[in-house]
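A.B. asks: Quick one: sequence and predicted model below, then my questions.
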Amino acid sequence: QNHFQLFPMFIKHSVNFKIKKLVYVYLVRHAEEQQDLALLSISTFQRALKDPNQLIRASALRVLSSIRVPIIVPIMMLAIKEAAADLSPYVRKNAAHAIQKLYSLDPEQKEMLIEVIENFLKIKAHLLVAGSVVMAFEEVCPDRIDLIHKNYRKLCNLLVDVEEWGQVVIIHMLTRYARTQFVSPWTEDEGLENNEKNFYESDDEEKEKTDKRKKPYVMDPDHRLLIRNTKPLLQSRNAAVVMAVAQLFWHISPKSEAGIISKSLVRLLRSNREVQYIVLQNIATMSIQRKGMFEPYLKSFYVRSTDPTMIKTLKLEILTNLANEANISTLLREFQTYVKSQDKQFAAATIQAIGRCATNISEVTDTCLNGLVCLLSNRDEIVVAESVVVIKKLLQMQPAQHGEIIKHMAKLLDSITVPVARASILWLIGENCERVPKIAPDVLRKMAKSFTSEDDLVKLQILNLGAKLYLTNSRQQTKLLTQYILNLGKYDQNYDIRDRTRFIRQLIVPNERSGALSKYAKKIFLAQKPAPLLESPFKDRDHFQLGTLSHTLNTKATGYLELSNWPEVAPDPSVRNVEVIELAKEWTPAGKTKKETPSKKFYSESEEEGSSSDSNSDSGLINEEIKDDHDDKPTKSESGSKSGEQSEEGNSSDDSSEDSSSESGSGSESEVENQRTAKKNSKNKRKSDSEDGEKEHEKSKTSESSNAESSSVEESSSDSETESESDSASESRKVTKEKEKTRQDRNPVPKDVSLLDLDDFNLVSTPVALPMPALRPSLIADLEGLNLSASSAVINVSTPVFVPMKTHVMLHRMSGKGLAAHYYFPRQPCIFGDKMVSVQVTLNNTTDRKIENIHIGEKKLPTGMQMHVFNPIESLEPEGSITVSMGIDFCDSTQTASFQLWDKTFKQTCFSLTV
Amino acid sequence: MIHSLFLINSSGDIFLEKHWKSVVSRSVCDYFFEAQERATEAENVPPVIPTPHHYLLSVYRHKIFFVAVIQTEVPPLFVIEFLHRVVDTFQDYFGVCSEPVIKDNVVVVYEVLEEMLDNGFPLATESNILKELIKPPTILRTVVNTITGSTNVGDQLPTGQLSVVPWRRTGVKYTNNEAYFDVIEEIDAIIDKSGSTITAEIQGVIDACVKLTGMPDLTLSFMNPRLLDDVSFHPCVRFKRWESERILSFIPPDGNFRLLSYHVSAQNLVAIPVYVKHSISFRDSSSLGRFEITVGPKQTMGKAIEGVTVTSQMPKGVLNMSLTPSQGTHTFDPVTKMLSWDVGKINPQKLPSLKGTMSLQAGASKPDENPTINLQFKIQQLAISGLKVNRLDMYGEKYKPFKGIKYMTKAGKFQVRT
């Protein structure tokens, strides 16, 4: 610790910036301990940040940002911002690194840093910088995928020329990106690829599938771009890059194209043992799912005697995964050599592998079994023990006619000492005791003699064997023997064994107190046991992204980012168009939609065309706008389409629309009207017709919703309440295609000017198109309506796209003497006050009489919390239910709000609510 | 990314540590030592070791463990590949990478490590660039530095760092301009007891030593590029031209580098240039075993086989061996049970052989398996796959370079099971 005295000296020397590299190494290393002194040097760096020499600027920034002293955060921030705009990419690269350092020093700066990153991505992505920037992105804000959209194509194109470490980071990031932005390329291929399963069937299926979906899968050009641009990187000399590309292909390319990675991965096996280790692990996972990929390289996985044990076992694992009818004979011959290996741990693993091959490939089961029996005479104990265990498993799978083997194994009991093996033999004899009636009691006799000196594992099996024989073998001797063993077990040191003894004794030895169970003792002990499944230890690894640390460890590492599933429907591809910048911004999940929407949206064809906004009241609200048929592109996503013709049909079938429960309030209706009047096209007349018809309708529905529902009822004769966006989309698409021709003839739809690309339009309009009254999403709220109507008319609030519908039990009907209460959070602004959280409470009467005067009784709220109770309910009919809403101001805390619910007859004590 | 780096020697001492973020205590290495103990052999230490707060990724080279400490998810190959690159850089700087050498040059080591990573993310790993930033120690420079007080840290950013050819430094000048290429092929094979080949494949590399002035643009073409099945390139090679014309076109780095490594397609039958006749037998009753091996040339295309060494790991039961070679020298280590026989050149007229007896542990049963024989050999002037370089051209510079191409075939992992 003495060297701290010298610290000021070091600071002094840091004045000459040019050469003193080691001084900085020292400074950075110890700045944390000597914060005050370290501050003295800051001015030097600040001066150096303006130096004409880029190397000096860069290293000054580097050292400055490495000094972990919180006081200088603002200085660092300033320096980063400045350096981010530096002309020299080298300085900018260092700035990108500094972002991460600053973030780890002070996470509060996140917002500012994100801004810097965004700017970085937008303009300054240089070959040298790209990797570091993406790294900073991954560290600071990996969830802000919206920042990537506009840079996606640029990154793809740069990829080949970026330095190798950057490539790895970018590829990993793009893999995640692709999984959220593109539709799965796999579904379609499955039919072509699944030859192993059932070729013809899948063929049929595929036809059906295409029938249903109408349009074949077309890969997004951006998706293709990524795959095409990463492919050359498979030739990289850097193993990490090759692996990164391999996992990219594995996770996002069509299955038919993923095959090319196997060759490169096999090449990596020539490299150092550490690289081999990781690559083999990944291959092992892949080879479980897609055998075919590595089959041609079977021989590359042959084990050499010089490989380290961990490599050997991994290779063995892969060989086992690749085994099939065609190559099994070669493999078994190879395994024979391995069994003889001097590395006994490996030999044991080989025996396990043989066992797995035997179970997976039924043709060779007998051969394997015979081979394993031969191994029983091996001189090495571990080998014999392992074979016994495996044979046991194999015999369990096909218990018939293996008396010979069992006899042989019984003999082995005299020589084998490995506990697992002894236990296995005993279990096997016990299980088959009826097939070897002479040997089994004899074995028991021998074991009784040595009982006390056996391992616990073996003791338990002896007890089991005794019990089984007691039940099957009627001879007196056996019974005595078993009694003897049970007595021994009773006084054993291990309580597990004592327990088992007591249990068995009660079960099998008849005495006056023995209950009903002992009648079934035989069934209990000699039940048919399911055969064990021999599975690869790599089976469950596939849920981790390949090539990651988590995959290697098979546990989630800190900071592991899940690879999301493919989206059902691709998010709008146009966000990647570099020209339209504002669009991407609006599409952030957090982006609350405003009521004032740009007017151009209302002029667009799809709204106007009266196509449906199909809202599903059950699942909250999902708006769907459907656009004009003529703009329907093959690549297009969710919008199906309806035409005016259909809207007519919709009108004619008002009855069906009556059923559908749409709650668009008058507010939205009027807006729709506005749109209509604003636009003058041939549609207009028909539209207003339909509206007239509807206005007569008591429930005042918008034509849109009724149209949608009714048309889907009529034409696809499917459920009028479409469950989700995608469902309805596919349905309506189906409808569309069928009708397309006729419609075009009969109905010259005015071609819209299409101000925007429709793709763009969808995106923005999704959350915006239909503003609703506050309580719209819940059907319940509408029914309840009365006591809220006054306020709901006034407040028009945008509604979130996603409403969690999870309900919680507030009061169970049992404890509530027939009154049940459930609640959920509709996640809407509360009408009772802007700080309150609205809670919907559904009350059910499950009794056979009226419950009267339900109201909230005593409230026990922590200080600061407020609650707006619902109006007392006069009465609730039997089997009736009612939903009320209340508001609670939780004060941003997670404390519980407890209160009591009363009714006329009973006092219901209650419950607590938490956020 | 990479938090810290510890260098641990074979006796388990941490002799160098470097931190790129906050300091991680040395005690984190205890987990590593535990794993090391469990693994018994250095080779079996798992490369990835999880600890409660960190993850340890290690590589083992030159009898030194390079242990990187990381805290968050990162592709493990990224770290491992980087650590190997560190070792390569040390080797490049100091000629060898060993504990005493690293200790002697600890200043340079720290400077280099500082340049290679920033905040745990690789900054400069290309040796050409590093050498410009931090000049490798030479005797002359050490003397000058001591006298003038300057250091070997460069004060200008290497121009390569920013250019499109980051691997090449600028302003290269040589009086003798030369470019040498070594085509080296290795045969990996497993031969079974009866002498038939179980698996054999050829892996090749082209190592280059280019000392050319200025910015030369080279193209290298092959007579039979179809042989190459799977290739991986140095970043300097233009991939597009390879795709379209099967020509290697590149601006080379300065000095030694690996231009290309390749794999010869498995369809081609591999000619095995040597054979091994062996008769190794243990008898159950006696404590003596017989041992005899003979090595002979098979398909060598008329070239001589040199540098032959035979090694074999004998079973544990073997106490000692008394053997007489017809040529070369042999050693048997009774502790590790490793037999090695340095044969030298094979004379086809008089095949080298090694004969004798093995004494076995009395009373012990005979070993299950006969030992595997590992073979090393070299054949000069021959690429066993038949690959031939057609021509080498240079553009972009005026002078005439001296060009040379050398072929060699070596045994890779060549095993004979007995």
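C.D. replies: Cool, got the structure.
A.B. asks: neighbours of residue 48, just the number please.
C.D. replies: As the question left the chain open, I've gone with chain A. For residue A:48, the tally of surrounding residues (other C-beta atoms under 10 Å in any protein chain shown) stands at 20. Every C-beta, even on glycine, is put in place using the N, C-alpha and C of the backbone.
A.B. asks: My question was about chain B, not that one.
C.D. replies: There are 21 residues near residue B:48, going by other C-beta under 10 Å.
A.B. asks: Now for it: which residues touch it?
C.D. replies: A:278, A:549, A:552, A:553, B:55, B:56, B:57, B:76 (C-beta atoms under 8 Å, 6 or more residues apart in numbering or on different chains).
A.B. asks: run the last query once more with 10 Å
C.D. replies: A:274, A:277-278, A:281, A:549, A:552-553, A:557, B:35, B:55-58, B:70, B:76, B:79-80 (C-beta atoms under 10 Å, 6 or more residues apart in numbering or on different chains).
A.B. asks: Can you list phi and psi of residue B:306 for me?
C.D. replies: Note on residue B:306: backbone dihedrals following degrees, to the nearest 10 are phi -120, psi 170.
A.B. asks: my read: it touches residue B:342, true?
C.D. replies: No: between residue B:306 and residue B:342 no contact is recorded; they are 11.6 Å apart, counting by C-beta atoms under 10 Å.
A.B. asks: Same drill for those two, tell me which one is more crowded.
C.D. replies: Neighbours were counted for residue B:306 and for residue B:342 using other C-beta under 10 Å; residue B:342 has more, 16 against 13.
A.B. asks: ok, the helix or strand hosting that one near chain A or not?
C.D. replies: Taking DSSP states H and E as the criterion, residue B:342 maps to strand B:338-344. No: Strand B:338-344 stays clear of chain A (C-beta under 10 Å from any C-beta of the partner chain), getting no nearer than 11.6 Å.
A.B. asks: where along the stretch 451-600 of chain A do the helices fall?
C.D. replies: In the stretch 451-600 of chain A, the helices defined using DSSP state H, counting those that start in this stretch lie at A:456-472, A:476-490, A:495-508, A:521-525, A:549-553, A:581-586, A:600-603.
A.B. asks: repeat for the stretch 51-200 of chain A
C.D. replies: A:54-66, A:73-84, A:89-105, A:110-123, A:127-140, A:152-158, A:164-181, A:186-193, A:195-213.
A.B. asks: Reformat the ones you listed into a markdown table and put mean pLDDT, distance to residue B:259 and mean neighbour count next to each item.
C.D. replies: Below are the helices of the stretch 51-200 of chain A laid out as a markdown table (pLDDT from 0 to 100; distance: least, C-beta to C-beta, whole Å; neighbours: other C-beta atoms under 10 Å in any protein chain shown):
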| stretch | mean pLDDT | distance to residue B:259 | mean neighbour count |
| --- | --- | --- | --- |
| helix A:54-66 | 81 | 30 | 24 |
| helix A:73-84 | 84 | 37 | 18 |
| helix A:89-105 | 84 | 27 | 25 |
| helix A:110-123 | 79 | 35 | 17 |
| helix A:127-140 | 80 | 22 | 25 |
| helix A:152-158 | 82 | 24 | 18 |
| helix A:164-181 | 86 | 16 | 23 |
| helix A:186-193 | 49 | 38 | 16 |
| helix A:195-213 | 41 | 41 | 12 |
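A.B. asks: how about CSV for those helices, with distance to chain B added?
C.D. replies: Listed next are the helices of the stretch 51-200 of chain A as CSV, based on distance: least, C-beta to the nearest C-beta, whole Å:
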stretch, distance to chain B
helix A:54-66, 4
helix A:73-84, 13
helix A:89-105, 5
helix A:110-123, 14
helix A:127-140, 6
helix A:152-158, 12
helix A:164-181, 4
helix A:186-193, 23
helix A:195-213, 24
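A.B. asks: Can I get those helices in CSV including distance to residue A:565?
C.D. replies: Below are those laid out as CSV (distance: least, C-beta to C-beta, whole Å):
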stretch, distance to residue A:565
helix A:54-66, 38
helix A:73-84, 35
helix A:89-105, 29
helix A:110-123, 26
helix A:127-140, 20
helix A:152-158, 20
helix A:164-181, 7
helix A:186-193, 11
helix A:195-213, 19
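A.B. asks: So which of those is nearest residue A:873?
C.D. replies: helix A:164-181 (45.8 Å; C-beta to C-beta).
A.B. asks: Now do the closest one: which elements does it pack against?
C.D. replies: helix A:127-140, helix A:152-158, helix A:221-230, helix A:239-252, helix B:76-94, strand B:121-122 (3 or more C-beta pairs under 10 Å, 6 or more residues apart in numbering or on different chains; DSSP states H and E).
A.B. asks: CA atoms only: put the fifth one into PDB for me.
C.D. replies: Taking only C-alpha atoms (Å, rounded to 0.1, in the frame of the first residue of the first chain), the coordinates of helix B:76-94 have been written out as PDB:
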ATOM      1  CA  PRO B  76     -17.800 -17.700 -25.000                       C
ATOM      2  CA  LEU B  77     -16.000 -18.100 -28.300                       C
ATOM      3  CA  PHE B  78     -15.500 -14.400 -28.400                       C
ATOM      4  CA  VAL B  79     -13.500 -14.500 -25.300                       C
ATOM      5  CA  ILE B  80     -11.700 -17.700 -26.000                       C
ATOM      6  CA  GLU B  81     -10.700 -16.500 -29.500                       C
ATOM      7  CA  PHE B  82      -9.500 -13.300 -28.000                       C
ATOM      8  CA  LEU B  83      -7.400 -15.000 -25.400                       C
ATOM      9  CA  HIS B  84      -5.800 -17.100 -28.100                       C
ATOM     10  CA  ARG B  85      -5.100 -13.900 -30.000                       C
ATOM     11  CA  VAL B  86      -3.400 -12.500 -26.900                       C
ATOM     12  CA  VAL B  87      -1.100 -15.500 -26.800                       C
ATOM     13  CA  ASP B  88      -0.400 -15.200 -30.500                       C
ATOM     14  CA  THR B  89       0.500 -11.500 -30.000                       C
ATOM     15  CA  PHE B  90       2.900 -12.300 -27.100                       C
ATOM     16  CA  GLN B  91       4.500 -15.000 -29.200                       C
ATOM     17  CA  ASP B  92       4.800 -12.500 -32.000                       C
ATOM     18  CA  TYR B  93       6.400  -9.900 -29.800                       C
ATOM     19  CA  PHE B  94       8.700 -12.000 -27.700                       C
END
